[in-house]
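In: return a 3D structure for these sequence lines:
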Amino acid sequence: MALIQSNLADGVGTIAFDNYGRRNALSAALIAEAIAALSAMRADARVVVLRAASKNKIWSAGHDLGELSPRGQDPLAWRDPLEQLLRAVGDFPGPVIAMIDGSVWGGACDLALDCDIALGDPDASFAFVPARIGLPYNLSGVQRFVARLPPNVAMEMAATADPVDAERALRVNLLNHLVPAPELETRTYAMAKTIAGRHRESIAAFKAQARALLSAASISPERAEYLEGVRWSVYAANALPSGAAPKE
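Out: Numbers count the residues shown, from 1 in each chain. The predicted model follows:
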C-alpha cells in the first residue's frame, strides 16, 4: 500500500504523507516513496508542496523509532533514510514548501526545517525530542537548527524537548507564514503557483547558492573528531528505544 500520495499539475508537485495509522512516521518505506516522487518530478516540477494527505493532530511523528539503529551503531549516519531524504530536498532544484497543519516531532522537524519555505496553521507545533530518548544529534542536524533559529531558541528546544506552538514558531523563523486553517491550502498553492510562474533557472541558482553559503561554516578536523567522540559517548550510555510514534 502506498504511504504517500503524489501528483504534478502546472509545474506544481505535491508529495503528501498518507500513513496516519503510524502518525506519518518517517519510515524507510515512506521515505523511499518520497525520494522516488521527488526524483520523478525533477524535470517538470518547478516547486513541490510537502504536506500531510489529510488534516490530523500530528503532521508527522518523525523518525520511526522502531527502525533506529541499535546501541553501538550511529542511528543518524550518512546513509540513514531520513538523511537521504533531507539531501534529496536540498538537491531538488526548485523550492520545497512545507504545508504544516499539525504537530511536527523529532526528525520531522529536520524535514520541515530543511524545506525552503514553511506555511502553517494554528495547529502547527514543533518538538525537537532527542533529549527525551537519549539520542545525540549529528552535526548536520545541529547546523540546520542553528542556521534557522536564534541560538538560544535552538538550545531551549534541544534541552527541553517541549513543543513550540504556531505563534512562537512564526516569531522564531520556523514558519514563513501563519495562516488560518481554512486558508492554509489555498494560500500554500497560491504561493506555489506564483513560484511556478517565475524564472526557473534563476530560482534554482539562488537555492543552490543559499544552501552552499549556509553550509560553508568549517571546523578543524580535531574539533570534528572531538564532537564525534561526544556523540559516541552518548550512544554507549543510552540504549535507543524501539517504541511507537507519539500518541495524540
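
In: what's in contact with the helix or strand in which A212 is found?
Out: Assessed by DSSP states H and E, A212 sits inside helix 200-214. With contacts defined as Cβ atoms under 8 Å, 6 or more residues apart in numbering, helix 200-214 is touched by 46, 90, 93-95, 116, 143, 147, 195. For the C-beta atoms, the positions are set from N, CA and C on the backbone; glycine is no exception.

In: give me that answer again for 10 Å
Out: 11, 45-47, 90-96, 114, 116, 143-144, 147-148, 195-196, 199 (Cβ atoms under 10 Å, 6 or more residues apart in numbering).

In: now it: buried residues?
Out: Neighbour counts over helix 200-214 (16 or more other Cβ atoms under 10 Å) mark 200, 203, 207 as buried.

In: next one: stretch 32-44
Out: So, applying 16+ other Cβ under 10 Å, buried residues of stretch 32-44: 33-35, 37-38, 41.

In: which of the residues you listed fall within helices?
Out: Within those, residues falling in helices by DSSP state H are 33-35, 37-38, 41.

In: before we move on, the earlier item: how about the CA coordinates for the helix holding A212, as CSV?
Out: The C-alpha coordinates for helix 200-214 follow below in CSV (Å, rounded to 0.1, in the frame of the first residue of the first chain):
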residue,chain,number,x,y,z
ARG,A,200,13.0,28.5,-13.0
GLU,A,201,16.8,28.7,-13.6
SER,A,202,17.1,31.9,-11.5
ILE,A,203,15.3,30.3,-8.6
ALA,A,204,17.4,27.2,-8.9
ALA,A,205,20.6,29.2,-8.9
PHE,A,206,19.5,31.2,-5.8
LYS,A,207,18.7,28.0,-3.9
ALA,A,208,22.0,26.4,-4.8
GLN,A,209,23.9,29.5,-3.7
ALA,A,210,22.0,30.0,-0.5
ARG,A,211,22.4,26.4,0.6
ALA,A,212,26.1,26.4,-0.2
LEU,A,213,26.6,29.6,1.9
LEU,A,214,24.6,28.1,4.8
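
In: pLDDT (mean, whole number) over that helix?
Out: Mean per-residue pLDDT for helix 200-214: 92.

In: now do the helices in this structure.
Out: For the chain, helices defined by DSSP H occupy the ranges 28-41, 81-91, 107-114, 130-133, 139-148, 151-160, 166-171, 184-196, 200-214, 221-237.

In: pick the most buried one from those.
Out: helix 107-114 (a mean of 25; mean count of other Cβ atoms under 10 Å).

In: could you check the angle helix 139-148 makes with that helix?
Out: Here the directions of helix 107-114 and helix 139-148 differ by 50 degrees (axes from the mean of the first three to the mean of the last three Cα atoms, to 10 degrees).

In: list the contacts for N152?
Out: Here N152 is in contact with V172 (Cβ under 10 Å, 6+ apart).

In: need the per-residue pLDDT for it.
Out: 95.

In: returning to what we had before: now the helices of the chain in JSON lines, with distance to R22?
Out: Written out in JSON lines, the entries for the helices of the chain read as follows (distance: least, Cβ to Cβ, whole Å):
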{"stretch": "helix 28-41", "distance to R22": "8"}
{"stretch": "helix 81-91", "distance to R22": "15"}
{"stretch": "helix 107-114", "distance to R22": "12"}
{"stretch": "helix 130-133", "distance to R22": "17"}
{"stretch": "helix 139-148", "distance to R22": "22"}
{"stretch": "helix 151-160", "distance to R22": "24"}
{"stretch": "helix 166-171", "distance to R22": "24"}
{"stretch": "helix 184-196", "distance to R22": "23"}
{"stretch": "helix 200-214", "distance to R22": "30"}
{"stretch": "helix 221-237", "distance to R22": "25"}
